[in-house]
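1. My questions concern the predicted model and sequence given below.
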Amino acid sequence: MSDHDIDPTSPRMAPKPEVTKIDGRELKPSTLMMGYGYDPVLSEGSLKPPIFLTSTFAFPSAADGKRHFEGITGKRPGGADGLVYSRFNAPNQEILEDRLSVWDGAEDALSFSSGMTAICVLMLAYASQNDVIVHSGPLYAASEGFVAKVLAKFGVTYVDFPAGATREEIDAVLTKAKAQADEQGGKVCMVYLESPGNPTNALVDIEAVRASVDAAQLDCPIAIDNTFLGPLWQRPLDQGADIVVYSLTKYVGGHSDLVAGSIAGAKKWMDPVRMLRNTMGGICDPNTAWMLMRSLETVELRMNRAGENAAKVCDFLARHSKVEGLGYLGMIKDARQQDIYNRHCKGAGSTFSLLLKGGEAECFRFLDSLKIAKLAVSLGGTETLASHPASMTHLSVAEGRRAELGISDNLVRISIGIEDADDLIADFTRALEAV
């Protein structure tokens, strides 16, 4: 948002320009997280933004109120110039959104009450009756279920492709999707990716998808769930994606104490979603936004520590006799996946899949024997978490579909935290003895 779009009475941002450079040097996101989007002068000198617990905001004049609602309702492009009502915008949420956009180099960002709220409102904003969504696989089970079960009620269908698909394979899928849309009387409304895919860590070639969409002359956004690697280890907008999606519950929140989501991208892609969010609600609450601003100050430190721990733990696991394989981006064996990693990723992350020799029974014995790592779904927190996707997060996915996506009964998903790496290795050593 440019300075002239900002209400000078709003506590969210100073009327003066933001300091984003020092002597021509671009400041890093980790530096900007300490104050970007907020001026203490406008909030009684408070160093940190207060939590603004209010449902509505007083307008300076009736003319201001009219102008704000012209933006909110779409009668005038650009959205509200100032604060209106907390279903639309509020100081904590707007400061958070400004800071989220910094990490991905995005023009605009929107916050939501959960990652799935972000995904559902995003898809609803772009999908119309009889449209087709093209998506990669695997997806988080709730994301895939929303497309296959909920949107299907309104005539929206889908065509999917495996995460590692080549440019030629993606071209073929888009050709099929266009033909399907023509037959249904709709259009291809979105290409939705998840990379790395949950829970296998399979990577999607974003650059190949971009080239295919352009060659097919599709006028639709490419959206990508970047939760596993963002915001530190992958910047999908740099590879050609239009919209980046997050469960902020994970690495951004990072303390397993909140639920939230976001999307970011060019304003032209954000505006339709913002309008639908204004109607449906789903914006995150001010306390959650405040907590996320706190977490953004340390996200780089936490993610780096967790990534270093994961490398040490996976080095141990890869050599263990009871481990069949690892879906860890620091140990890729497939040449195609390694090529995508080299072009797209800045780090291997700290969430990976562990394939044990055996099946569900062996996985359960391993999980039940952990002492430091917690048996819980979710990822990206300060603590190490482990779960069994086939019987937990992806249980709703049909058994045949799970097999097709590589979500096997002997797969355990592990998210490494910031504990001492040697302590974690000791914990896994003991748990593997039970297998």
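-> Noted; the coordinates are in hand.
2. Next one: L42, what pLDDT does it get?
-> pLDDT recorded at L42 is 89.
3. For it, grab the count of nearby residues.
-> 18 (other C-beta atoms under 10 Å). Heads up, the C-betas are built off the backbone N, CA and C, glycines and all.
4. How much space separates it from I51?
-> Separation of L42 from I51 (C-beta to C-beta, to the nearest Å) stands at 15 Å.
5. ditto for E144
-> Distance from E144 to I51, by C-beta to C-beta: 36 Å.
6. same deal with P138?
-> To I51, P138 is 38 Å away according to C-beta to C-beta.
7. same deal with A215?
-> From A215 to I51 the distance is 48 Å (C-beta to C-beta).
8. same question, C284
-> Using C-beta to C-beta, we find C284 at a distance of 12 Å from I51.
9. go on, L124?
-> Using C-beta to C-beta, we find L124 at a distance of 29 Å from I51.
10. Looking at the two, which is more packed in?
-> More crowded of L124 and I51, by other C-beta under 10 Å: L124, with 19 against 16.
11. Quick one: residues contacting the more buried one.
-> For L124, the contacting residues are L276, M280, by C-beta atoms under 8 Å, 6 or more residues apart in numbering.
12. Okay, and it sits in which element?
-> helix 115-126 (DSSP states H and E).
13. Stretch 371-385 - what's its average pLDDT?
-> Stretch 371-385 shows a mean pLDDT of 97.
14. Equivalent analysis for stretch 96-110, please.
-> Rounded mean pLDDT across stretch 96-110 is 97.
15. now what about that stretch, what contacts it?
-> Against stretch 96-110 from outside (C-beta under 8 Å, 6+ apart): 1, 12-13, 29, 32-33, 36-37, 111, 118, 226, 230-232, 235-238, 244, 246, 252, 262-267, 270, 273-274, 277, 283-284, 289, 292-293, 296.
16. Make sure M291 is actually in contact with V259.
-> No - M291 lies out of contact with V259 (C-beta atoms under 8 Å); the separation is 10.6 Å.
17. Tell me which of the two has more neighbours.
-> Neighbour totals were compared for M291 and V259, and M291 leads with 21 against 18 (other C-beta under 10 Å).
18. what separates that one from D238, distance-wise?
-> 28 Å.
19. how about the strands in this structure?
-> Assigned by DSSP state E, the strands in the chain fall at 21-22, 25-26, 108-112, 132-137, 157-162, 188-194, 222-225, 243-247, 261-265, 323-327, 351-356, 374-375, 385-387, 411-415.
20. Can I get those in a markdown table including distance to R336 and mean neighbour count?
-> What follows is these, written out as a markdown table (distance: least, C-beta to C-beta, whole Å; neighbours: other C-beta atoms under 10 Å):
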| stretch | distance to R336 | mean neighbour count |
| --- | --- | --- |
| strand 21-22 | 39 | 9 |
| strand 25-26 | 34 | 9 |
| strand 108-112 | 32 | 25 |
| strand 132-137 | 14 | 25 |
| strand 157-162 | 11 | 20 |
| strand 188-194 | 16 | 26 |
| strand 222-225 | 18 | 27 |
| strand 243-247 | 23 | 28 |
| strand 261-265 | 27 | 28 |
| strand 323-327 | 15 | 18 |
| strand 351-356 | 18 | 24 |
| strand 374-375 | 33 | 16 |
| strand 385-387 | 28 | 22 |
| strand 411-415 | 21 | 25 |
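21. which stretch among the ones you listed comes nearest S61?
-> Among the strands of the chain, strand 108-112 comes nearest to S61, with 27.0 Å by C-beta to C-beta.
22. tell me the domain ranges of the protein?
-> As assigned by automatic domain parsing, the chain contains the domains 1-114+260-297, 115-248, 299-433.
23. Out of these, which is the most enclosed?
-> Per-stretch averages of neighbours, counted by mean count of other C-beta atoms under 10 Å, single out domain 115-248 among these, with a mean of 21.
24. Would you mind measuring the gap between the ends of it?
-> 7 Å (C-alpha to C-alpha, to the nearest Å).
25. do stretch 342-354 as well
-> For stretch 342-354, the first-to-last residue distance is 22 Å (C-alpha to C-alpha).
26. Distance from that stretch to the middle of the chain?
-> Relative to its chain's centre, stretch 342-354 lies at 15 Å (C-alpha atoms, centre = their mean, to the nearest Å).
27. Look up which residues are beta-bridged to the residue nearest to the spatial centre of the chain.
-> Geometric centre of the chain, nearest residue: Y246, 1.7 Å, by C-alpha atoms, centre = their mean. Beta-bridge pairing for Y246 (DSSP bridges): S262.
28. For the protein, which segments count as helices?
-> 29-32, 62-73, 91-104, 115-126, 141-145, 167-184, 206-215, 267-280, 286-296, 299-318, 335-344, 360-368, 399-405, 421-433 (DSSP state H).
29. so for the last one, what's the average pLDDT?
-> Read that as helix 421-433. On average, helix 421-433 scores 98.
30. Mind giving me the packing neighbours of it?
-> When contacts are defined as 3 or more C-beta pairs under 8 Å, 6 or more residues apart in numbering; DSSP states H and E, helix 421-433 sits against helix 299-318, helix 360-368.
31. May I see the ones you listed organised as CSV, with distance to G65 and mean pLDDT added?
-> What follows is the helices and strands packed on helix 421-433, written out as CSV (distance: least, C-beta to C-beta, whole Å; pLDDT from 0 to 100):
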stretch, distance to G65, mean pLDDT
helix 299-318, 37, 98
helix 360-368, 56, 97
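32. Make a markdown table from those and add distance to V377 to it.
-> A markdown table is the format used below for the helices and strands packed on helix 421-433 (distance: least, C-beta to C-beta, whole Å):
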| stretch | distance to V377 |
| --- | --- |
| helix 299-318 | 17 |
| helix 360-368 | 12 |
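33. For F69, which of those helices is the nearest?
-> Nearest of those (C-beta to C-beta): helix 299-318, 35.5 Å.
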